[in-house]
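A.B. asks: Below are the sequence and a predicted model for it; my questions follow.
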Amino acid sequence: MDDKTGDRDGITRRGFLGMASLWALILSSLTLLAGMFRMSKADVYYEKSRRFKIGKPESFPVGTVKKLEEERVFIFADSEGIYAVSSVCTHLGCIVNAVDWGFQCPCHGSKFNRDGRVISGPAPRNLPWFKISRHVDGNLVVDAGREIKTGTKFRV
Amino acid sequence: MNRSGMDNFRENLKNIKGSFAASLLRTKRPLSGRSRAAVMLNNFFLHIQGVRTNINTLRPAYTFGLGLISLFLLFFTTISGILLMIYYNPSTGDAYNSVKDITYVVFAGSLMRNVHKWAGEGMIIFVMLHMARVFYTGSYSRPREFNWVVGIMLLTLTFVLNLSGYMLPWDQLSYWALVIVSNIIQSSKELTDALGITPYFDIGGMAKEFFLGGTVPGKATLIRVYFLHIMLLPILMFISLGVHFWRIRKDGGLSRPAGSVEKSVFSWPDLLRAETAVLMLCLAGVLVYSFYVDAPLREAANPLIPENPAKAPWYFLGLQEMVSYSAFMGGIVAPGLAILGLALIPYLDREDGHAGIWFSGRQGKITALQSLFAGAAVLAGLLAFVIRFGWFRNWWPDVPQILIIMVNPAGIWVAFVALWSLRVIRKTGSTRMGAIALFTLFLVGYVMLTYVGTELRGPNWEFYWLKSRWPLH
């Protein structure tokens, strides 16, 4: 096409405008698609807070083994302190059972020792330990959103 | 003669049957060759099929009607599904009870639920058999490559539709399936954790929250799964199916051996008669099976206690077995590679002249048998080893997870399948033989892993020869 004003770099004005509109269409469609996906990701969850009170320290004497089913944690107390271990298997999310040598997952056979360390099975990580702190009203608070190093116990 | 308006009216009234039929069918009675052609061309529902049908297409032992059976089963699930939607309530509080109502209170509700369940599961069997027929008769070769890819999409949709279906009753199966599936979706975290980049780029966690509409399965999740099951996935299914059928016609009808006699008959009535026969057999089969066998419904969902063992329906137990080695490898990478490998077959094997011949002749039969025995032996050995001796984590509890992701039974099996197929290509000098090896090993893997997951795994996913040996508790 002979176009006197364009064709300096091998592209005509008409060709340039055509390509520009095509890319505008593609980019705007992609943006729309991204927006649709973003809309499907919920901003608010209908879920309980992952921080919860578990009661006064006196209710956890040395030797306590308590399974908080709703909260999905085990609370243990020994001479070194109180600690909270997740009861959710790190493999695919089943609830583990406490047995005398540690924890056993019923779904795919993962096994953890008493500290929640993986000893066999497909679980990729140890059972997380959660942060325990004391609220101003004296109750202990477990924050299941905050993992701490295995072995960190809360001293009363 | 002077006819009055009333005469015309009476005349029209008398002829209404003939004139309505003519307007509806747009053609005369299909008795002559010309009108038989016209009836196929002029009818919306018949025109997706050709006017004439090659006699090879009508040979029962060529197709076994497997694709058609899959289609009819899909129709049955659609009709029964629409009926179930009248009563089903997709909210976590009511879903379980509404399914119980359907099962125990609604007239014919139990039968409709059974039809829906068994026709859906039947689709898995017949879609896979159809795929095997198409594969072993070499029907994916030019110009049908893309239709094979569409078929793989339809197979995947069949699995995902079944999966989303059993998540709806909100019983123990539904709930724990959601937990497990959402964690498989999240399982790329294994990899990002091993690389130490999860805090910056947690794509697994994002995908899981996107799917669940939260961090644990709940009411947002049930609505999402319901929407997938009744809206998005069926739309994709029917669009893909439309393309699948359109391509059959455009690619020259059903495959047949090159050089076979080009003899065809009018589709009306021969093809339609055969199709109607398959439809009736199919309907009878599903109804009788659904009359005697009830679709399972477990206890109401209990987020506190998983079942032990928590087993998916049988068609996913092979996957569950692989997931029990590594969630990421067994749940994402291995099935992803299987789907990709299957889809690429027609592009990696471009040999012509095989279409329409079972196993492409004698060499193909030998290759298939060799692959069957070798694959079964290797996989049985691999499984026996894992069951007897365990894997890395049992020997060295502190082994880095990345090593288990890289080297585990699922990965070893995938590698064996790939290497064996390449070896067959080198030995025979034929990519078609390599494809036969690959596909046969895919079937061997699916069947054997499914068997182990279904029959040989008990509580805590431990090994038992017999279900009667499971510990009581």
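C.D. replies: Thanks, I have the structure now.

A.B. asks: Say whether chain B is contacted by the host helix or strand of residue A:67.
C.D. replies: Taking DSSP states H and E as the definition, residue A:67 sits inside strand A:65-68. No - no part of strand A:65-68 sits near chain B under the criterion C-beta under 8 Å from any C-beta of the partner chain; the closest distance found is 9.4 Å. Where C-beta positions appear, they are placed from N, C-alpha and C, glycine not excepted.

A.B. asks: List the strands paired with the helix or strand following that strand, with their directions.
C.D. replies: As assigned by DSSP H and E, the chain's next helix or strand after strand A:65-68 is strand A:73-78. Strands that pair with strand A:73-78, judged by DSSP bridges, come out as strand A:65-68 (antiparallel), strand A:81-86 (antiparallel).

A.B. asks: Go ahead and produce PDB holding the CA coordinates of strand A:73-78.
C.D. replies: Extracted in PDB, the C-alpha atoms of strand A:73-78 (Å, rounded to 0.1, in the frame of the first residue of the first chain):
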ATOM      1  CA  VAL A  73      -5.300 -28.000  68.500                       C
ATOM      2  CA  PHE A  74      -3.900 -30.200  71.200                       C
ATOM      3  CA  ILE A  75      -2.900 -28.400  74.500                       C
ATOM      4  CA  PHE A  76      -0.200 -30.100  76.500                       C
ATOM      5  CA  ALA A  77       1.300 -29.100  79.900                       C
ATOM      6  CA  ASP A  78       4.500 -30.500  81.400                       C
END
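
A.B. asks: what does that strand contact?
C.D. replies: Strand A:73-78 has contacts (C-beta atoms under 8 Å, 6 or more residues apart in numbering or on different chains) with A:54, A:60-68, A:82-87, A:98, A:130, A:142, A:144, A:153.

A.B. asks: now with 10 Å?
C.D. replies: Applying C-beta atoms under 10 Å, 6 or more residues apart in numbering or on different chains, the contact partners of strand A:73-78 are A:52, A:54-55, A:57, A:59-68, A:82-88, A:96, A:98, A:103, A:114-116, A:127-130, A:132, A:140, A:142, A:144, A:153-154, A:156.

A.B. asks: Now do it, average pLDDT.
C.D. replies: For strand A:73-78, mean pLDDT rounds to 91.

A.B. asks: Show me what the longest strand along chain A is packed up against.
C.D. replies: As assigned by DSSP state E, the longest strand anywhere in chain A is strand A:140-148. Contacts defined by 3 or more C-beta pairs under 10 Å, 6 or more residues apart in numbering or on different chains; DSSP states H and E place strand A:140-148 against strand A:51-55, strand A:73-78, strand A:81-86, strand A:129-134.

A.B. asks: So chain A: which segments form each domain?
C.D. replies: According to automatic domain parsing, chain A comprises the domains A:1-46, A:51-148.

A.B. asks: Of the contacts of strand A:73-78, keep whichever come out buried.
C.D. replies: A:52, A:54, A:57, A:60, A:82-88, A:96, A:98, A:103, A:116, A:127-130, A:132, A:140, A:142, A:144, A:153-154 (16 or more other C-beta atoms under 10 Å in any protein chain shown).

A.B. asks: what about the strand holding residue A:67, average pLDDT?
C.D. replies: Per-residue scores along strand A:65-68 average to 88.

A.B. asks: Same question for stretch B:402-419.
C.D. replies: Averaged over stretch B:402-419, pLDDT sits at 91.

A.B. asks: before we move on, the earlier item: deepest-packed of the domains of chain A, please.
C.D. replies: domain A:51-148 (a mean of 18; mean count of other C-beta atoms under 10 Å in any protein chain shown).

A.B. asks: From one end of that one to the other, what's the distance?
C.D. replies: From its first residue to its last, domain A:51-148 covers 14 Å (C-alpha to C-alpha, to the nearest Å).

A.B. asks: Any regions of the stretch 101-250 of chain B where pLDDT drops low?
C.D. replies: Across the stretch 101-250 of chain B, nothing is flagged by pLDDT under 70.

A.B. asks: Around chain A, pick out the residues from it.
C.D. replies: B:176, B:178-184, B:186-187, B:189-191, B:193-194, B:206, B:208-220, B:224, B:227 (C-beta under 10 Å from any C-beta of the partner chain).

A.B. asks: filter those residues to the buried ones?
C.D. replies: B:176, B:178-184, B:186-187, B:189-191, B:193-194, B:208-214, B:216-218, B:220, B:224.

A.B. asks: Now, those residues that are in helices?
C.D. replies: B:176, B:178-184, B:189-191, B:193-194, B:208-212, B:220, B:224 (DSSP state H).

A.B. asks: before we move on, the earlier item: for my notes, please list the domains of chain A in JSON lines and give distance to residue B:468 for each entry.
C.D. replies: Formatted as JSON lines, these follow (distance: least, C-beta to C-beta, whole Å):
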{"stretch": "domain A:1-46", "distance to residue B:468": "44"}
{"stretch": "domain A:51-148", "distance to residue B:468": "20"}
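
A.B. asks: isn't residue B:133 right next to residue B:60, touching?
C.D. replies: No - if you go by C-beta atoms under 10 Å, residue B:133 and residue B:60 don't touch, sitting 11.8 Å apart.

A.B. asks: Which one of the two is surrounded by more residues?
C.D. replies: residue B:133 (17 against 10; other C-beta atoms under 10 Å in any protein chain shown).

A.B. asks: Contact partners for that one?
C.D. replies: B:62-67, B:139, B:358.

A.B. asks: was I right about residue A:153 contacting residue A:82?
C.D. replies: Yes - the pair residue A:153 and residue A:82 qualifies as a contact (C-beta under 10 Å) at a distance of 6.4 Å.

A.B. asks: Give the residues shared as contacts by these two.
C.D. replies: With C-beta under 10 Å, 6+ apart, residue A:153 and residue A:82 have common neighbours A:76, A:132.

A.B. asks: Ramachandran angles for residue A:97?
C.D. replies: Torsion angles at residue A:97 (phi, psi; degrees, to the nearest 10) stand at phi -100, psi 140.

A.B. asks: Residue B:62: neighbouring residues, count only.
C.D. replies: 19.

A.B. asks: now swap in residue B:127 and tell me
C.D. replies: 24.

A.B. asks: For it, what is the enclosing helix or strand?
C.D. replies: Residue-wise, residue B:127 maps onto helix B:109-136 under DSSP H and E.

A.B. asks: could you give the angle of the helix or strand following that helix to helix B:109-136?
C.D. replies: Remark: after helix B:109-136, the chain's next helix or strand is helix B:145-166, criterion DSSP H and E. Interaxial angle of helix B:145-166 relative to helix B:109-136 (axes from the mean of the first three to the mean of the last three C-alpha atoms, to 10 degrees): 150 degrees.

A.B. asks: Return the distance of helix B:145-166 from the chain's centre.
C.D. replies: Centroid displacement of helix B:145-166 relative to its chain, using C-alpha atoms, centre = their mean, to the nearest Å, is 5 Å.

A.B. asks: and if you look at stretch B:315-325?
C.D. replies: 17 Å.

A.B. asks: Kindly report the same for stretch A:24-37.
C.D. replies: Counting by C-alpha atoms, centre = their mean, stretch A:24-37 comes out at 29 Å from the chain centroid.

A.B. asks: now swap in stretch B:306-325 and tell me
C.D. replies: 18 Å.

A.B. asks: what about that stretch, near chain A?
C.D. replies: Yes - applying C-beta under 10 Å from any C-beta, one finds stretch B:306-325 touching chain A at B:306-311, B:320-325.

A.B. asks: Just confirm residue B:274 contacts residue B:64, I think it does.
C.D. replies: No - using C-beta under 10 Å, residue B:274 is not in contact with residue B:64; the gap is 11.8 Å.

A.B. asks: ok, those two, which is more surrounded?
C.D. replies: Each of residue B:274 and residue B:64 has its neighbours counted (other C-beta under 10 Å); residue B:274 has more, 18 against 15.

A.B. asks: If anything else comes up later, I'll come back, but that's it for now.
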